[in-house]
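**Student:** Model the following, please.
(chains A and B)
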Amino acid sequence: MKTTFISSQAVSNAMRYQVLNMQQELAKAQTEVTTGKLADPGVTLGSRTGQAVSLSRDVDRLNGLVDSNNLISTRLTATQDALGQINDLTQTFLSALTADKGSGVASTVTQTAAQTALSSVTSILNTSVNGEYLFAGINTDVQPINDSGATGSAANQALNDAFQTRFGFPPSDPAAANISASDMGDFIDQLVSDQTTDPAWSSNWSNATDQPITSRISLNETAETSVSANSIGTKKFMIAAAMVSNFMQGNLNEGARDALIDKASDLITDSLTDSASQQAQLGLTENKVSSATDRIKSQVDLFQRNLNDLEGVDPYEASTKITSLLGQIETSYALTARIQQLSLVNYLK
Amino acid sequence: MSLTTALNIAQSALFNTTRQTTVVSQNISNSGNPDYARRSATIVSTAPGATVVNIQRTTDDVLFRSNMKALSSYEGQNTLLNGMQNLGLAVNGVDNADSAASALGDFQQALNLYSATPSNTSLGENTVESARQLVRNLNDGTNAIQSFRTDMDNQISQAVADLNNLLNSFDQANRTIVAGNQTGADVSDAEDQRDGLLKQISQYVSISAIKRDNGDMMLVTSDGATLYETVPRTVTFDPVAGYDATTTGNAIKVDGVPLSAGTGGNTSASGRLAAMVQLRDSTATTMQSQLDEIARGLINAFAETDPSDPTATAGKTPGLFTWDGAPAMPTDGTLDPGLAGRIKINPAMDSTVGGNASVLRDGGGGGAGYVANPDGNASFSDLLIRYSQNLDKPIAFDPAAGAGSNASVMTYSTNAISSFEAARKDASDAADNKNALMTRTQQALSNSTGVNIDEEMSMMLDLEHSYQASARMISTVDNMLSALMNAIH
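**Tutor:** Numbering: from 1, shown residues only, chains lettered A, B, ... in the order given. Model (predicted):
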């Protein structure tokens, strides 16, 4: 009587199933060796698949932020540079004014200095980078500062009209010699407070918005990444330079002229202080952006490593797996061939 | 005792040997037939000297039952796994590369780039194009899911027809066996056939077979519905012509009792039918619900609000992403079936239909009252930044969709992938296990009832010897008789 029994079919099927399984494994291992990633991450990771998708998405997103932060840094550097130049021009103009006071130089010299300073600063304020005007606030597709030196400019017109209204004659009129120092002082104070506030400022001088550009510099941090030409420092400089350029016509008496120069000097000193604090502010933002970029970069590295841990395969392990699978499959082929030969039929003659 | 008796015994031995040889050759010829159970010819002595060959069919009811059960669960699991594989590929693409989560990532990246340089109109166009891609992804996903459901419905209908045919064949085999047993005929072939049919039927639905008098069999599904009792019961199913997200499919009824669908990734479904119903009614609809919720989250994240009070919930209206219910918003926290198929890009921002991408930057897609940047300042980034932050802000999702209840749209979209892939992993692992069990039980069954050619061959040698011996016997008796005859001469 037999104790154990095996059917011929079971013998041949057992080998077939094994070979099938190994071939499936082989196909998977081959994909893993060539791609360096799991053959089917979904089935291997299960509920962690979402994490892998989210990580690779975040890596892309953070790299995007690094790119946009680079753009922002370019803008900030250009702004910082422009502010430095404006500072230099303002200093030069201030020394021209100081030199003028009580020295008896021809008023045209100071007037020319004012015009030069005005047009240079205007052109710097109208700098554009990547098609965006640096100092335009968020209205970056329009030149922020109107050229007040141009004939018929609204700013010039407004200054001259104010002079005419106050004194009853234009600045070039010989009667200007009768203007007293205190009248001149009063007039300038009034003029400055009128012209540096809206609506006069935005209709005569500037197209910029007060609101600077807001940018997202990290996943949950935003920063103001531009400087508007509507800052009080710019306003004071513009009005001071324009006043000197318009009113310093040679007819003014000594007192009124000194009053004009004093007022202008005060305004420009204020403007320098303001500009310095603006530069400091900008420096802080630059710092913030670059440290955000550094943080993001280290985050990207970390995410990339996590992603590798999740989805990556050890190529060495995968290739040794292939080698051993190939060996096993060959053995089973050899075995199958031997087993097929192993039949009683062959021995029955 | 006489020589004649010896001759008779030898003759009957020859006769028995030929019958046994017939059985051996039948066994050998069926050695490749998985439904064939080995016959054994045993010799039974009836009267002194007389022997009869009795043919028995080897059976092992316990192994057969466990094989049937394993077959059912493997078929159910395998159907589910294949279905999920197809569904996942159709909706999420290879390695989830075409999933809503990936498209959402691309879109958010485009949006971030645009918000960094809002004055750049081509970046705006690029953002809207990404949004279009995302919407197309959701729309196509919905179509793929619903056509998958329609397809599944057809397959169920086909499978039910097959099952009814199998039951009719089973009826014939069963009748033959009962009739044969009543008349004492050999019913082994009919039993082979019936066992084969049982294996086929259990691939469709899990059954338990109850044996009764005269080899009659009664089939009951695991739900308790009668599938066969003296006559086959009908399995009915009404297919639905086309599916959309609100369509509910019909149940399969066995003898009027609805067949319960499988649940879970390591499915409780035994047999193909339950798994197909599970795919159609649970797996596919869950995926649809999650897409619908992602669509709702998008509409919500890009909703335009009254510029004077951005936090107000009243007066919100769909912005970049809109739907057929605009200007109203979809109800918060509530699943709207099929929304992913109806979400679209606001025409006011879509340059292909005369819109302008800068409306996305300035607001006003919902009407003039929603413009947040009335002066059209080129570098206005507040709205864009807010939208991008909204994508990361948690909102309430309908827990019925099965991917969490409070998450940001971004997280929700990856949760959806996780929940699907977790089920697929379960299904894949379970399929491996159930396949191993099925293979093992099949092997065990084959070992216990199958044919071993070597054994049959050695048996044949025995038979050959006994034939030779009996023949020699006859010739010897013949010689003896001739010698006797010659002596008489």
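
**Student:** Pull up the gap between the closest residue to chain B within the stretch 151-300 of chain A and A:Ala176, please.
**Tutor:** Closest contact between the stretch 151-300 of chain A and chain B, by C-beta to the nearest C-beta, is at A:Ile213 (4.8 Å). Backbone N, C-alpha and C define where each C-beta goes, glycine included. Here A:Ile213 is placed at a distance of 44 Å from A:Ala176 (C-beta to C-beta, to the nearest Å).

**Student:** Give me the nearest residue to residue 139, chain neighbours excluded.
**Tutor:** Since no chain was named, I'll use chain A. B:Asn377 (4.3 Å; C-beta to C-beta, 6 or more residues apart in numbering or on different chains).

**Student:** Oops, wrong one, chain B.
**Tutor:** Here the residue nearest B:Asn139, using C-beta to C-beta, 6+ apart, is B:Gly341, at 5.8 Å.

**Student:** how would you label the one you found: helix, strand or coil?
**Tutor:** helix (DSSP: H, G, I helix; E, B strand; the rest coil).

**Student:** What's the local residue count around it?
**Tutor:** When neighbours are defined as other C-beta atoms under 10 Å in any protein chain shown, B:Gly341 has 23 of them.

**Student:** Touching, it and B:Trp323? I think so.
**Tutor:** No: with contact defined as C-beta atoms under 8 Å, B:Gly341 does not reach B:Trp323; the gap is 9.8 Å.

**Student:** which ones are touching residue 203?
**Tutor:** The chain I'm using is chain A. Residues near A:Ser203 by C-beta atoms under 8 Å, 6 or more residues apart in numbering or on different chains: A:Ala154.

**Student:** wait, chain B
**Tutor:** B:71-72, B:75, B:271-272.

**Student:** cool, and A:Thr98?
**Tutor:** Contacts for A:Thr98 (C-beta under 8 Å, 6+ apart) come out as A:Ser265.

**Student:** Tell me if it really is in a helix.
**Tutor:** Yes: counting by three-state DSSP, A:Thr98 is found in a helix.

**Student:** if we can go back for a sec, for A:Thr140, see how far away the residue of the stretch 151-300 of chain A closest to chain B is.
**Tutor:** 7 Å.

**Student:** what's the overlap in contacts for these two?
**Tutor:** Listed as contacting both A:Ile213 and A:Thr140 by C-beta under 8 Å, 6+ apart are B:Ser379.

**Student:** Quick check: phi and psi on B:Ala396?
**Tutor:** The phi/psi pair for B:Ala396 (degrees, to the nearest 10) reads phi -80, psi 130.

**Student:** residues in contact with the closest residue to it other than its chain neighbours?
**Tutor:** Nearest non-adjacent residue to B:Ala396, counting by C-beta to C-beta, 6+ apart: B:Gly333, 3.8 Å away. Neighbouring residues of B:Gly333 by C-beta under 8 Å, 6+ apart: B:395-398.

**Student:** so what's A:Gln164 closest to, chain neighbours aside?
**Tutor:** Nearest one to A:Gln164, counting by C-beta to C-beta, 6+ apart, is A:Pro170 at 5.7 Å.

**Student:** Now do the one you found: how many residues are near it, please.
**Tutor:** Residues near A:Pro170, counting by other C-beta under 10 Å, number 15.

**Student:** Same check on B:Leu279?
**Tutor:** 28.

**Student:** how near is it to B:Lys69?
**Tutor:** Taking C-beta to C-beta, one finds B:Leu279 at 21 Å from B:Lys69.

**Student:** cool, and B:Asn346?
**Tutor:** Computed as C-beta to C-beta, the B:Asn346 to B:Lys69 distance reads 56 Å.

**Student:** Show me which of those two is the more surrounded one.
**Tutor:** Remark: of B:Asn346 and B:Lys69, B:Asn346 carries more neighbours, 24 against 19, as counted by other C-beta under 10 Å.

**Student:** wait, isn't that one in contact with B:Gly365?
**Tutor:** Yes: using C-beta under 8 Å, B:Asn346 is in contact with B:Gly365, at 4.3 Å.

**Student:** what residues are shared contacts of the two?
**Tutor:** By C-beta under 8 Å, 6+ apart, the residues touching both B:Asn346 and B:Gly365 are B:318-320, B:322, B:359.

**Student:** related to what we said a few turns ago, over to the residue of the stretch 151-300 of chain A closest to chain B: give its phi and psi.
**Tutor:** Dihedral angles for A:Ile213 - degrees, to the nearest 10 - are phi -70, psi 130.

**Student:** Contacts only, for it.
**Tutor:** By C-beta under 8 Å, 6+ apart, the contact list for A:Ile213 reads A:75, A:137-138, A:140, A:224-226, B:379, B:381.

**Student:** go with 10 Å
**Tutor:** A:Ile213 is in contact with A:72, A:75, A:132, A:134, A:136-138, A:140, A:223-228, B:116-119, B:377-381, counting by C-beta atoms under 10 Å, 6 or more residues apart in numbering or on different chains.

**Student:** Out of the contacts of B:Gly333, flag the one nearest to chain A.
**Tutor:** Among the contacts of B:Gly333, and counting by C-beta to the nearest C-beta, the member closest to chain A is B:Phe397, at 14.4 Å.

**Student:** Identify the residue nearest that closest one in space, chain neighbours excluded?
**Tutor:** Among residues not flanking B:Phe397 along the chain, B:Glu293 sits closest, at 5.1 Å (C-beta to C-beta, 6+ apart).

**Student:** Pretty sure that neighbour sits against B:Ile343.
**Tutor:** No: counting by C-beta atoms under 10 Å, B:Glu293 does not reach B:Ile343; the two are 11.4 Å apart.

**Student:** More neighbours: those two, which one.
**Tutor:** Counted by other C-beta under 10 Å, B:Glu293 and B:Ile343 do not tie: B:Glu293 has more neighbours, with 31 against 25.

**Student:** Name the residues of the helix or strand encompassing that one that are buried.
**Tutor:** Element membership of B:Glu293, judged by DSSP states H and E, is helix B:284-301. Of all the residues in helix B:284-301, those buried under the rule 16 or more other C-beta atoms under 10 Å in any protein chain shown are B:284-301.

**Student:** The chain: helices as residue ranges?
**Tutor:** The chain I'm using is chain A. Secondary structure of chain A (DSSP state H): helices located at A:8-35, A:41-45, A:49-100, A:107-125, A:154-167, A:181-195, A:200, A:232-247, A:254-311, A:315-341.

**Student:** hm, I was asking about chain B
**Tutor:** For chain B, helices defined by DSSP H occupy the ranges B:3-29, B:61-92, B:100-116, B:121-183, B:188-204, B:272-278, B:284-301, B:339-342, B:358-362, B:382-391, B:409-449, B:453-488.

**Student:** So for A:Arg257, which of those sits nearest?
**Tutor:** Smallest distance to A:Arg257 across these (C-beta to C-beta): 48.0 Å, for helix B:382-391.

**Student:** Show me what the closest one is packed up against.
**Tutor:** Helix B:382-391 sits against strand A:214-218, strand A:221-224, helix B:100-116, helix B:121-183, helix B:284-301, helix B:358-362, helix B:409-449, with contacts defined as 3 or more C-beta pairs under 10 Å, 6 or more residues apart in numbering or on different chains; DSSP states H and E.

**Student:** And the average pLDDT for it is what?
**Tutor:** The average pLDDT for helix B:382-391 rounds to 90.

**Student:** Could you do stretch A:238-250 as well?
**Tutor:** 84.

**Student:** Show the contacting residues for B:Pro258.
**Tutor:** Contacts here follow C-beta under 10 Å, 6+ apart; on that basis B:Pro258 touches B:223, B:225, B:250-252, B:277.

**Student:** Can you name the residues bridging to it?
**Tutor:** B:Pro258 forms beta bridges with B:Lys253, as assigned by DSSP bridges.

**Student:** re earlier: now the helix holding B:Glu293 and helix B:382-391, what's the angle there?
**Tutor:** 150 degrees (axes from the mean of the first three to the mean of the last three C-alpha atoms, to 10 degrees).

**Student:** Can you name the residues of the stretch 51-200 of chain A sitting close to chain B?
**Tutor:** Contact residues (C-beta under 10 Å from any C-beta of the partner chain) of the stretch 51-200 of chain A with chain B: A:51-65, A:67-72, A:75, A:130-133, A:136-142.

**Student:** Many thanks, have a good one.
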